[in-house]
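Asker: I need the structure of the sequence given here:
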Amino acid sequence: MTTTTTMIAWTQATYGGPETVTRNELPVIEPGPGQILIDVAATALNSADVRLMRGEPLLVRLGFGLSRPKQPVQGRDVAGRVTALGDGVTGLSLGDRVAGELDGGGLAQAVLTEAAKVVAIPDNVSDVDAAAVPLAGGTAWQALEAAAVSADCRVLILGAGGGVGTFAVQLAKLRGARVHALSRPEAFDALTRLGADEVSDRAELGTLPRDHYDVIIDLGGVAPLRSLLQLLRDGGRLVSVAGGEAHVFGPLGRMLRGVVLSIGRSRKFVPLMATAKPEITRSLLELVASGRLTPLVAATLPLAQAPQALALVDRGGQIGKVVVAVDRGVPPSSRA
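Answerer: Residues are numbered from 1 along each chain as shown. Below is the predicted model:
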């Protein structure tokens, strides 16, 4: 059982930007049946964390709190070490290094979660790299599955320089696809190193050949759907992971339009709402351990700078992931 009683956490009492996140001391809660307590080593941030921080789109507040977040601590992608086990937990031991996509709580020195949500971290994978994997890597994996990407597929990835995009490029190459990555020019070198066969400025979308791609993975959510569908060959698939910035309904409107546009056509629109899947996280970490997959980390900040890390993600434009690292060598009650 854990011997510490308090921890530092960055919490929100109201929806808003990074300025609403404040440093607080919270009690460390002992795990109940089926739960574990994790001493957090690293937490990767995602656009989902920023959207939940702001309570946007408004539709998400029905599930996450109408006037303020039900989960006051952001951070869904966590890596760390097990420090306490609840009754009935099997397959894990005290001291095990684990990672997973949780329901939040990662911007803290410790987090309580269901044991089923985490998987073991291979010995040769760092905590920072492990934290960068679950949500972004899992989303990329599920997008490629939804598109049925296979060897020799011609795949166009929009938004390839972001956290999900850098994983999508690598995973598509591992499937034997030919990858054309669209991003900002600043990301071209990194995307080429990750295996992209061709890189182009996202501003050049209108110059791309029609009837050419087998699969399009849309991670940007802003390009006109008709234009994207025209780039596909007959039988091709457009998988939409993002859906614009509608204030109330978020991606739902764009996804509905895409489905309507593809009715009766051979070029299909496939909306994707990725979910946490520990078995995919396990497979991704095995790929990282084998050297076949590289989490691209744009910035690593200490827990004391959690608001700055959230602000980075809020502004966007990073090539890869933003990770908050926690010094595990100091007990939660005294770390900063």
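Asker: Leaving out sequence neighbours, find the closest residue to residue 208.
Answerer: residue 231 (5.7 Å; C-beta to C-beta, 6 or more residues apart in numbering). To be clear about C-beta, it is placed using only N, CA and C from the backbone, and glycine gets the same treatment.
Asker: mind checking which helix or strand of this protein has the lowest mean pLDDT?
Answerer: Within the chain, no helix or strand scores below helix 61-64, which has a mean of 66 by mean pLDDT, DSSP states H and E.
Asker: what mean pLDDT does stretch 229-248 have?
Answerer: For stretch 229-248, the mean pLDDT works out to 81.
Asker: Use 32 as the first number from now on
Answerer: Sure, I'll start counting at 32 from here, so that last one is stretch 260-279.
Asker: and it, how far out from the chain's middle?
Answerer: Distance, stretch centre to chain centre, for stretch 260-279: 19 Å (C-alpha atoms, centre = their mean, to the nearest Å).
Asker: just the CA coordinates of it, formatted as PDB?
Answerer: Output in PDB follows, covering the C-alpha atoms of stretch 260-279 (Å, rounded to 0.1, in the frame of the first residue of the first chain):
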ATOM      1  CA  LEU A 260     -13.700  12.400 -52.000                       C
ATOM      2  CA  GLN A 261     -12.700  13.400 -55.500                       C
ATOM      3  CA  LEU A 262      -9.100  12.500 -54.800                       C
ATOM      4  CA  LEU A 263     -10.100   8.900 -54.100                       C
ATOM      5  CA  ARG A 264     -10.200   6.200 -56.700                       C
ATOM      6  CA  ASP A 265     -13.400   4.200 -57.100                       C
ATOM      7  CA  GLY A 266     -13.700   2.000 -54.000                       C
ATOM      8  CA  GLY A 267     -11.500   4.300 -51.900                       C
ATOM      9  CA  ARG A 268     -12.100   5.300 -48.300                       C
ATOM     10  CA  LEU A 269     -11.900   8.700 -46.600                       C
ATOM     11  CA  VAL A 270     -11.500   8.200 -42.800                       C
ATOM     12  CA  SER A 271     -12.300  11.300 -40.800                       C
ATOM     13  CA  VAL A 272     -10.800  11.500 -37.400                       C
ATOM     14  CA  ALA A 273     -11.400  15.200 -36.800                       C
ATOM     15  CA  GLY A 274     -14.400  17.200 -37.800                       C
ATOM     16  CA  GLY A 275     -13.900  21.000 -37.600                       C
ATOM     17  CA  GLU A 276     -14.500  23.400 -34.800                       C
ATOM     18  CA  ALA A 277     -18.300  23.700 -34.500                       C
ATOM     19  CA  HIS A 278     -18.900  25.300 -31.100                       C
ATOM     20  CA  VAL A 279     -21.900  23.200 -30.100                       C
END
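Asker: Next secondary structure after the least confident helix or strand of the chain?
Answerer: strand 108-116 (DSSP states H and E).
Asker: Sheet-wise, list the partners of the host helix or strand of residue 210 with their directions.
Answerer: Element membership for residue 210 (DSSP H and E) is strand 209-214. Next to strand 209-214 in the sheet, as set by DSSP bridges, lie strand 185-189 (parallel), strand 229-232 (parallel).
Asker: between the ones you listed, which one is nearest to residue 242?
Answerer: strand 185-189 (10.9 Å; C-beta to C-beta).
Asker: Packing partners of the helix or strand following the closest one?
Answerer: Counting by DSSP H and E, the next helix or strand C-terminal to strand 185-189 is helix 194-205. Helix 194-205 sits against helix 165-178, strand 185-189, strand 209-214, helix 219-224, with contacts defined as 3 or more C-beta pairs under 8 Å, 6 or more residues apart in numbering; DSSP states H and E.
Asker: what angle separates the shortest one from helix 165-178?
Answerer: Spelled out, that is strand 185-189. 140 degrees (axes from the mean of the first three to the mean of the last three C-alpha atoms, to 10 degrees).
Asker: What are the contacting residues of strand 185-189?
Answerer: 178, 180, 196, 199-200, 203, 208-213, 233, 236, 239, 243-251, 254, 259, 262 (C-beta atoms under 8 Å, 6 or more residues apart in numbering).
Asker: Same check on the first one?
Answerer: Taking contacts as C-beta under 8 Å, 6+ apart, the residues outside helix 165-178 that touch it are 75, 77, 79, 107-108, 130-132, 186, 193-199, 202-203, 206, 246, 248, 268, 270, 272, 301, 303, 305-308, 311-312, 314-315, 324, 326, 352.
Asker: circling back: can the helices and strands packed on helix 194-205 go into CSV with extra columns for mean neighbour count, mean pLDDT and distance to residue 151?
Answerer: Below are those laid out as CSV (neighbours: other C-beta atoms under 10 Å; pLDDT from 0 to 100; distance: least, C-beta to C-beta, whole Å):
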stretch, mean neighbour count, mean pLDDT, distance to residue 151
helix 165-178, 24, 97, 13
strand 185-189, 25, 98, 30
strand 209-214, 25, 98, 30
helix 219-224, 17, 97, 28
